[in-house]
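[1] could you work out the structure for the sequence below:
(one chain, ligands or ions: 1)
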Amino acid sequence: MRLGVLGGGQLARMMALAARPLGIDVTVIDPNVEAPARHVASHIVASLDDREALHQLAEQCDVVTIELEAVPPESLEHLQRLRPVYPSGEFVAMTQDRLSEKLGLRALNIATAPINDEVELPAIVKTRRGGYDGRGQRRVSTDAERDRALDELPDPIVEAIVDFRRELSIVAAADRHGRIACWPVATNTHRNGVLFTSQPHGDDPCQQQAEAIATALIRRYGVIGVCCVELFDTEHGLVANEVAPRVHNSGHWTIEGSTTSQFEQHVRAVCGLPLGLSDLRQPTAMINVIGQEPSLEHLLSIDGVHVHRYEKAPRAERKVGHVTITAATERQLVDRIRRTKAVIDS
Ligand code: AMP
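    Numbers count the residues shown, from 1 in each chain. Just a heads-up that it's a prediction; the model follows:
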């Protein structure tokens with residue numbers, strides 16, 4: 001069995017690492033010769049809309065998936081005629097545009113931030129397409145600031161600022177038979193708009209509502225594989241912020257923290273294999289390594305630390321790796337998180 005992946009970043013790399021013990025080979029397409037998946041997968045160096053490369057991928061692989069949502073819809077449509085492709089073009093298209101995403105969520109009675117005419121200032125102006133990690137968005141407090149942002153940001157949408165208690169996300173998987181497995185929700189913190197930490201909770205009061213949201217999306221869009229919904233926990237219940245039609249950074253803790261990682265689960269699902277357990281085995285947290293690589297020696301001197309380097313050139317704001325921390329007790333976890341953050345920040 002060979003799995004094709006559009007995109008060769010760290011998500012494809014971790015998919016390939018999870019596929020290997022199952023005896024499943026992975027081929028990625030990525031224009032970057034230094035794509036993080038290159039060491040662990042076959043790499044076709046080409047852009048994601050290169051027809052010849054897409055044909056080559058289809059010829060080599062039994063099934064095709066994605067590791068990023070910014071894939072050209074025509075490439076997915078083209079591949080769909082040649083091989084099974086998961087997730088569907090319809091689901092990916094819905095998540096590529098913040099407006100269609102919000103309308104799609106609302107059609108399922110899932111709450112989202114008020115948008116455009118519904119919004120009072122202050123607010124956030126975001127580009128509808130292509131923004132990520134807090135890029136392509138601007139907070140505005142006055143009419144003049146809003147009008148300027150609307151002029152300057154391409155294809156903008158205005159969103160009300162949601163008064164949330166915390167940010168969380170649910171990562172879920174569905175197999176080809178419609179069976180669904182959700183991991184415990186994780187609380188997320190950010191630094192400069194980039195995810196910094198994710199910590200799952202086995203008994204989160206929002207678990208049931210988050211699972212209902214993920215399940216409604218999976219059923220409506222016939223999702224096969226892993227997806228994620230980023231949520232705001234508010235006084236009035238959960239409000240959905242973003243949907244990712246793929247494995248997600250806030251699910252990286254599952255590699256060491258769950259019986260089945262999100263990467264293995266995704267590979268199983270798209271390859272027509274049964275899903276595994278999506279539990280939380282022990283107190284676990286994930287911290288992203290952003291910009292600079294910390295000392296490997298210092299990180300590994302902390303018990304319960306698992307290092308994942310993406311072998312990417314360091315650059316400000318760039319995710320170059322992550323660390324998962326596991327512990328026997330919550331107290332021990334808090335102490336190990338503190339020590340790990342000190343190494344990452346030094
Ligand atoms: P996004 O690119 O939509 O995921 O936004 C990045 C981060 O900006 C989120 O994780 C939140 O911390 C913040 N944010 C985005 N949209 C809103 C909103 N409508 N209200 C409050 N904070 C937001």
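[2] going by C-alpha atoms from here, please, whenever you check contacts or count neighbours.
    Will do.
[3] what's the burial count for residue 212?
    13 (other CA atoms under 10 Å).
[4] just the one 4 residues further on next, same as before
    When neighbours are defined as other CA under 10 Å, residue 216 has 16 of them.
[5] for it, which non-adjacent residue is spatially closest?
    residue 108 (6.9 Å; CA to CA, 6 or more residues apart in numbering).
[6] what does this structure put close to the ligand?
    Contacts of the chain with the ligand, taken as CA under 6 Å from any ligand atom, map to 113, 132-134, 159-162, 193, 241.
[7] still on that earlier bit, any idea how far the residue nearest to residue 216 is from residue 240?
    Using CA to CA, to the nearest Å, residue 108 is found at 11 Å from residue 240.
[8] thought residue 53 was touching residue 31?
    No - judged on CA atoms under 8 Å, residue 53 makes no contact with residue 31 at a distance of 10.5 Å.
[9] what residues are shared contacts of these two?
    Here residue 53 and residue 31 have 44, 46-47 as joint contacts, going by CA atoms under 8 Å, 6 or more residues apart in numbering.
[10] please report phi then psi for the residue positioned nearest the centre of the chain.
    Nearest to the mean C-alpha position of the chain, by CA atoms, centre = their mean, lies residue 248 at 2.0 Å. Per-residue torsions, residue 248: phi -140, psi 150 (degrees, to the nearest 10).
[11] could you do residue 264 as well?
    Torsion angles, degrees, to the nearest 10, at residue 264: phi -60, psi -40.
[12] and for the one 5 residues further on?
    Main-chain dihedrals, residue 269, degrees, to the nearest 10: phi -60, psi -50.
[13] list the contacts of the closest residue to it other than its chain neighbours.
    With CA to CA, 6+ apart as the criterion, residue 269 has its nearest non-adjacent residue at 4.5 Å, and that residue is residue 175. Residues near residue 175 by CA under 8 Å, 6+ apart: 224-225, 268-270, 272-275.
[14] again, only using 10 Å
    Contacts for residue 175 were tallied using CA atoms under 10 Å, 6 or more residues apart in numbering; they are 181, 222-226, 265-275.
[15] likewise for residue 135?
    126-127, 192-194 are the contacts of residue 135 under CA under 10 Å, 6+ apart.
[16] SS state for the closest residue to the ligand within the stretch 1-150 of the chain?
    Ranked by CA to the nearest ligand atom, the top residue of the stretch 1-150 of the chain for proximity to the ligand is residue 134, at 4.3 Å. The assignment at residue 134 comes out as coil when based on DSSP: H, G, I helix; E, B strand; the rest coil.
[17] pretty sure it contacts residue 195?
    Yes - between residue 134 and residue 195 there is a contact at 9.3 Å, judged by CA atoms under 10 Å.
[18] neighbour count: the two, which is higher?
    residue 195 (19 against 14).
[19] what number of residues are in the vicinity of the residue nearest to the more buried one when sequence neighbours are not counted?
    Of all residues not flanking residue 195 in the chain, residue 189 sits nearest, at 6.1 Å (CA to CA, 6+ apart). Residue 189 has 17 neighbours, counted by other CA under 10 Å.
[20] can you tell me the helix or strand for residue 189?
    Using DSSP states H and E, residue 189 falls within strand 186-191.
[21] try residue 168
    strand 166-174.
[22] any idea which helix or strand comes after that strand?
    Following strand 166-174 in sequence, per DSSP H and E, is strand 180-182.
[23] so what's the spatially closest residue to residue 207 that is not a sequence neighbour up against?
    Excluding the flanking residues, the one nearest residue 207 by CA to CA, 6+ apart is residue 185, at 6.1 Å. Taking CA under 10 Å, 6+ apart, we find residue 185 in contact with 168-172, 198-208, 210-211, 229-231, 250-251, 280.
[24] any regions of the stretch 201-346 of the chain where pLDDT drops low?
    Within the stretch 201-346 of the chain, no range satisfies pLDDT under 70.
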